[in-house]
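Student: sharing a model that was predicted from the sequence below.
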Amino acid sequence: MYGLVNKAIQDLVCEKFGKDKWAEIKKLSNFEDDFFIGLQPYPDSLTYSLVHNASKVLGAESNIIMEAFGEYWILYTANEGYGEMLNLAGNSLPEFLNNLDMLHNRVNNIMPELVAPQFSTRNETPNSIELEYRSKREGMTPMVIGLIRGLGKRFNIEKIQITHIQEKNETNGCHIFKIEW
Amino acid sequence: MNIINNDIGDVFSFNKTIPILNYTTPYFLIIDSSNSIIEIGKNFINSIDGIKIGSSFEDFFIWESQLNTKETFKAERLLFFTSKNKKQRYKCTVLKIENESFIILANAVINSQYNLLDYKLSLNDFPKHDYIAEYVFLQQASTKGLEELKLFNQSLNNTNKELVLSKQMLVNANAILEKRVNERTNELVQKQIALEESLEKLFNIQKEMIQQEKMATLGLLIAGISHEINTPLGAINASCQTLIDTVKKDIISELNDLNFNDYKSAISLLSIVNYEKKYLTTREERELLSTISQQLNIKTPYVNETNFYSRKILEMGFSEIDPTLISFLELPNRRKIFSIASGFARLNRVLNTISIATSRATKVVKTLNNYSHGNLNGVLTTFNLKESFENTISLLSNKIKNGSNVNINIHDTILITGNQDELSQVWTNIINNALQASNNKCTIKIDYFLINNLYHSIIISNNGPAIPKDLLSKIFEPFFTTKQLGHGSGMGLDIVKKIIEKHSGKIHVESNEKATAFEIQIPLKVIKDE
Ligand code: HEM
């Protein structure tokens, strides 16, 4: 994954738990550089390792960390030069969810080696929507929940409920989340 | 209105195309021949305050080519213009349309200097297919990338600075270390030198101590010996005197037995006896005896017992028949007279030998005593230096007259204070050595200088053979001698040195092929030890 993701993890940990904790996590993950370069791809294993060790060091389950990270990602990307891109993705939660692929396509213009997830929506009502999530990676669903929660906050939705209504398997090929507000 | 230039021809009617233009190129302007704006794209309306149909282009914009609109439009090309408030910048192409009018197809220039906010628009105000959004994103990504690069650079710089600093520190530490090592090495070398010096000093002190110890033992030994020798010497001296007295009496009584004429003859024979008879080997004696008896046979055939008379005559110190002896041989009582005279001569010689030997022994004992007692003893007198040398020379005149000469360059008035006997011994020793070394054939010079009104400097030099370099430092050592065993006690120059030192003086020797010189320095004021 691109360094931007790792940078965001770093920022989240430093912001919430301090630099020392981050140094510990970094060390456990055998990462020796001072920085991540946002526009450089790093092996996925590093990102997984960072999350795994963060859970160890911070004493929280990986799921919780992934979810927190998803929520943080919305704020983080807005500040890291992708604010305009987020703005263009939509003015409401449904519009935005519909434009997630477009968003990642745009990201792809800047990050040619991006392995982006794919999203589509269905069963849209004024108070709910279902989001299909397809990914080449495993174990990112908690992050998707966090991301949606973050988007809810972005659009000032006070109460949002996210239910993982379908686990991905070989026949269906995607996770489905039902989002209600 | 139709576009008339290029390949576009006059296909489009602008009234119909304005909405399309607004969608595809929201930044457009149409200007008529009098330079006033006749159509405005929606993005200009939304972002340039006060712009309206009928305004002039130059009221709101400036061409970057600094030409007026007409001139600028002469050729179709890429052009840039900015808003008068300098906040917005545009790029455009200009197309000529009917009625001498132009259409300006523009787009906002977005870069770090002109960002989206300056245009009071959002990306939503651009057509979705417009690349401006991607451009903006790339721009922002690259800005972030640059920020990262800056951070990276800073961190590199810091690391570099740290490296440079630690290198400098290393270099400094190295220099300090090197300096310390050098200092330490120097210190060690200095210490080693000091150590060697003190070792040498210690060695010398040890030598000196051994020497002193030796001298102390020697002193005790000498004291003992001199006592042991002095006693018998005294006895010998005393007995010698008694012996002389007794023998004198005997001789006188024997003389008294003679008649007057014989008495007179005996006395006159005694007067010609040569007491200084040389010591002869048996062979020499035998040869002389036969010579004398032959002469007796010829000159005094009337004398019998030639063997008896030859022996007597030899004992009397003659080696031939002296004419004076003839008259005595003619005397009737000659046997008795010759017996007495030769007996007297023999006796005298023996006594003389004893006396010389004892006085020499006494002298040696005295010298040894002086030697072992390092202080200035005897009387301190002030005497004339030149005279003192002259006395020494006259004592040695026997040797000197055999082919040497002595020049004394000392002023008549120079007085020196010291033990005159001892100092005379010094002069004698040095001059005697010179004579011996040169086989009595050399020129000896005695010079005098007064140093700082504090010291007499007496230089005794000779042109005899040089003292070999390796011996030069040893000549003042006790028992040093170049003479064959038995020919010198080796006490000469050591005694000299002791005597000079007792006078708080110094002696120093230099020698080369041309000359050998002893310089003796004696203070004007000699303080006697208590
Ligand atoms: C401008 C905002 C965004 C940017 C720049 C961005 C960029 C990225 C990047 C760089 C990755 C890592 C993939 C790789 O490096 O190969 C990623 C993954 C992901 N993104 Fe986004 N993203 C953005 C917004 C969102 C939003 C709003 C969602 C909401 C659902 C989302 C969902 C995900 C998910 C679920 C993944 C996990 C990758 C996977 O499942 O394979 N992203 N994104």
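Tutor: Structure received. Residues are numbered from 1 along each chain as shown, chains lettered A, B, ... in the order given.
Student: helices of chain A, start to end?
Tutor: Here chain A has its helices, by DSSP state H, at A:3-17, A:19-28, A:44-58, A:62-77, A:83-89, A:93-98, A:100-110, A:141-154.
Student: reformat those helices as TSV; add mean neighbour count and mean pLDDT.
Tutor: (Glycine included, C-beta is placed from N, CA and C.) Formatted as TSV, the helices of chain A follow (neighbours: other C-beta atoms under 10 Å in any protein chain shown; pLDDT from 0 to 100):
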stretch	mean neighbour count	mean pLDDT
helix A:3-17	19	95
helix A:19-28	16	95
helix A:44-58	18	96
helix A:62-77	20	96
helix A:83-89	18	91
helix A:93-98	18	96
helix A:100-110	17	93
helix A:141-154	21	96
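Student: please report phi then psi for the residue in the stretch 351-500 of chain B positioned nearest to chain A.
Tutor: Among the residues of the stretch 351-500 of chain B, B:Ser473 lies closest to chain A, at 78.0 Å counting by C-beta to the nearest C-beta. Backbone torsions for B:Ser473, taken as degrees, to the nearest 10, come to phi -80, psi -10.
Student: for the residue in the stretch 201-350 of chain B that chain A sits nearest to, give its distance to the ligand.
Tutor: Residue nearest to chain A within the stretch 201-350 of chain B: B:Leu202 (65.8 Å; C-beta to the nearest C-beta). Distance from B:Leu202 to the ligand, counting by C-beta to the nearest ligand atom, to the nearest Å: 87 Å.
Student: which stretch of helix or strand covers that residue?
Tutor: If you go by DSSP states H and E, B:Leu202 is part of helix B:132-256.
Student: could you give the angle of the helix or strand that that helix is followed by to helix B:132-256?
Tutor: Sequence-wise, the next helix or strand downstream of helix B:132-256 (DSSP H and E) is helix B:260-272. Interaxial angle of helix B:260-272 relative to helix B:132-256 (axes from the mean of the first three to the mean of the last three C-alpha atoms, to 10 degrees): 170 degrees.
Student: which residues does B:Leu258 contact?
Tutor: B:266, B:333, B:336-337 (C-beta atoms under 8 Å, 6 or more residues apart in numbering or on different chains).
Student: hmm, try it at 7 Å
Tutor: B:266, B:333 (C-beta atoms under 7 Å, 6 or more residues apart in numbering or on different chains).
Student: got the phi and psi for it?
Tutor: The phi/psi pair for B:Leu258 (degrees, to the nearest 10) is phi -80, psi 160.
Student: can you tell me the closest non-neighbouring residue to B:Tyr135?
Tutor: Leaving aside its sequence neighbours, B:Tyr135 sits nearest to B:Ile110 (C-beta to C-beta, 6 or more residues apart in numbering or on different chains; 6.3 Å).
Student: tally of neighbours for the one you found?
Tutor: By other C-beta atoms under 10 Å in any protein chain shown, the residues close to B:Ile110 number 19.
Student: and it, how close does it get to the ligand?
Tutor: Distance from B:Ile110 to the ligand, by C-beta to the nearest ligand atom: 18 Å.
Student: where's that residue, which helix or strand?
Tutor: Counting by DSSP H and E, B:Ile110 is part of no helix or strand.
Student: what's around the residue of the stretch 351-500 of chain B closest to chain A, how many residues?
Tutor: By the measure other C-beta under 10 Å, the count of residues near B:Ser473 is 9.
Student: picking that back up, I'd like the helices of chain A laid out as a markdown table, including distance to B:Leu220.
Tutor: Formatted as a markdown table, the helices of chain A follow (distance: least, C-beta to C-beta, whole Å):
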| stretch | distance to B:Leu220 |
| --- | --- |
| helix A:3-17 | 100 |
| helix A:19-28 | 91 |
| helix A:44-58 | 97 |
| helix A:62-77 | 108 |
| helix A:83-89 | 118 |
| helix A:93-98 | 127 |
| helix A:100-110 | 116 |
| helix A:141-154 | 115 |
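Student: just send these back as TSV, with distance to chain B too.
Tutor: Shown next, in TSV, are the helices of chain A (distance: least, C-beta to the nearest C-beta, whole Å):
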stretch	distance to chain B
helix A:3-17	9
helix A:19-28	15
helix A:44-58	17
helix A:62-77	11
helix A:83-89	5
helix A:93-98	12
helix A:100-110	5
helix A:141-154	16
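Student: make JSON lines out of those and add distance to the ligand.
Tutor: Output for those, formatted as JSON lines (distance: least, C-beta to the nearest ligand atom, whole Å):
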{"stretch": "helix A:3-17", "distance to the ligand": "5"}
{"stretch": "helix A:19-28", "distance to the ligand": "19"}
{"stretch": "helix A:44-58", "distance to the ligand": "8"}
{"stretch": "helix A:62-77", "distance to the ligand": "4"}
{"stretch": "helix A:83-89", "distance to the ligand": "4"}
{"stretch": "helix A:93-98", "distance to the ligand": "7"}
{"stretch": "helix A:100-110", "distance to the ligand": "4"}
{"stretch": "helix A:141-154", "distance to the ligand": "4"}
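Student: quick one, grab the pLDDT at the residue of the stretch 201-350 of chain B closest to chain A.
Tutor: The model reports B:Leu202 with a pLDDT of 85.
Student: B:Gln521 is in contact with B:Ile459, correct?
Tutor: No: at 9.8 Å, B:Ile459 does not count as touching B:Gln521 under the criterion of C-beta atoms under 7 Å.
Student: can you give me the domain boundaries for the chain?
Tutor: If you meant another chain, say so; for now it's chain A. Domains of chain A are assigned by automatic domain parsing as A:3-60, A:90-180.
Student: I was thinking of chain B, sorry if that wasn't clear
Tutor: Domain segmentation of chain B under automatic domain parsing yields B:14-130, B:376-394+B:402-523.
Student: now these as JSON lines including mean pLDDT?
Tutor: Listed next are the domains of chain B as JSON lines, based on pLDDT from 0 to 100:
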{"stretch": "domain B:14-130", "mean pLDDT": "85"}
{"stretch": "domain B:376-394+B:402-523", "mean pLDDT": "84"}
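Student: in CSV: those, plus distance to B:Ser166.
Tutor: Shown next, in CSV, are the domains of chain B (distance: least, C-beta to C-beta, whole Å):
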stretch, distance to B:Ser166
domain B:14-130, 37
domain B:376-394+B:402-523, 62
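Student: which residues touch the residue of chain A found nearest chain B?
Tutor: Per C-beta to the nearest C-beta, the residue of chain A with the smallest distance to chain B is A:Gly81, at 3.6 Å. By C-beta under 7 Å, 6+ apart, the residues touching A:Gly81 are B:140-141, B:143-144.
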